[in-house]
Each structure stands twice: as structure tokens, then as C-alpha cells.
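Asks: Sequence and computational prediction follow.
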Amino acid sequence: MFVVSIPAFWFGARIGAIFHSRLRQLDANMLEDFKVVLGATLTLLGLIVGFTFSMAASRYDQRKNLEEQEANAIVSEYVRADLLPAPNAARVRTLLKSYTGAHK
């Protein structure tokens, strides 16, 4: 994303500089319109950034909660393996250990 955004920002700045050099002076009405558009654009950018961080934080929390639930389920299953006959309990424990080893 960074690699794409830097050239895009540079290109936008160059186009803005070209237009600025051609339109040296803005009349009062155009300047007011520009300020309104600038304010709206910056507000929209702020909202986009805020919502993006909010979604990222909620996804992180969700992933953390799901990992905790999975760990609790594995521990519960490991303890419940005691209720099985000895050969089956050993097999379940071996499978659980290999599962957790594969997901490190």
C-alpha cells in the first residue's frame, strides 16, 4: 500500500503544482468554494482513516477472542481424554499435541 500511495501522492502534488502555476490568482468566490471542498475532503479522509483503524482494532480483538476460545477448547478436550479408555486417551492426546504443534 505504501509503495502505491507515495507515487500517487507525488503525482497528485505535481498536478496541483501545475494547476497552481497556471491559475496564480483565485477570485474570492473560487477561494471560498475551494475552502469548502478542502474541508469536506479532509473530513472524509479523517472518517476513512478512523473507520479503518476501528475495523482493524475490532478484527484484532475478534481474532484474539477466537484464539482464546480455541485454546480453552483444546485444554478441555485434553482433560476430558481421561474419560476415554487408555489407548484412545493416549491417541487423543497425541492428536491434540500434533494439532497445537502445527498451529504455532
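Replies: Alright, I've got the coordinates. Numbers count the residues shown, from 1 in each chain.
Asks: And the next helix or strand past the worst-scoring helix or strand of the chain on mean pLDDT?
Replies: One helix or strand of the chain scores below all others by mean pLDDT, DSSP states H and E: helix 2-22, with a mean of 83. Downstream of helix 2-22, the first helix or strand assigned by DSSP states H and E is helix 28-80.
Asks: Give me the helices and strands touching that next one, please.
Replies: Applying 3 or more C-beta pairs under 8 Å, 6 or more residues apart in numbering; DSSP states H and E, we find helix 28-80 packed against helix 86-102. Using the backbone N, CA and C atoms, a C-beta is placed for each residue, glycine as well.
Asks: Which residues does the helix it packs on contact?
Replies: Residues outside helix 86-102 that contact it (C-beta atoms under 8 Å, 6 or more residues apart in numbering): 74, 77, 78, 81, 82, 83, 84.
Asks: ok, and the most crowded of those?
Replies: For the contacts of helix 86-102, neighbours were counted using other C-beta atoms under 10 Å, and residue 81 has the most, 18 neighbours in all.
Asks: measure it to residue 97 for me?
Replies: 11 Å (C-beta to C-beta, to the nearest Å).
Asks: same thing with residue 13?
Replies: Relative to residue 97, and taking C-beta to C-beta, residue 13 is found at 57 Å.
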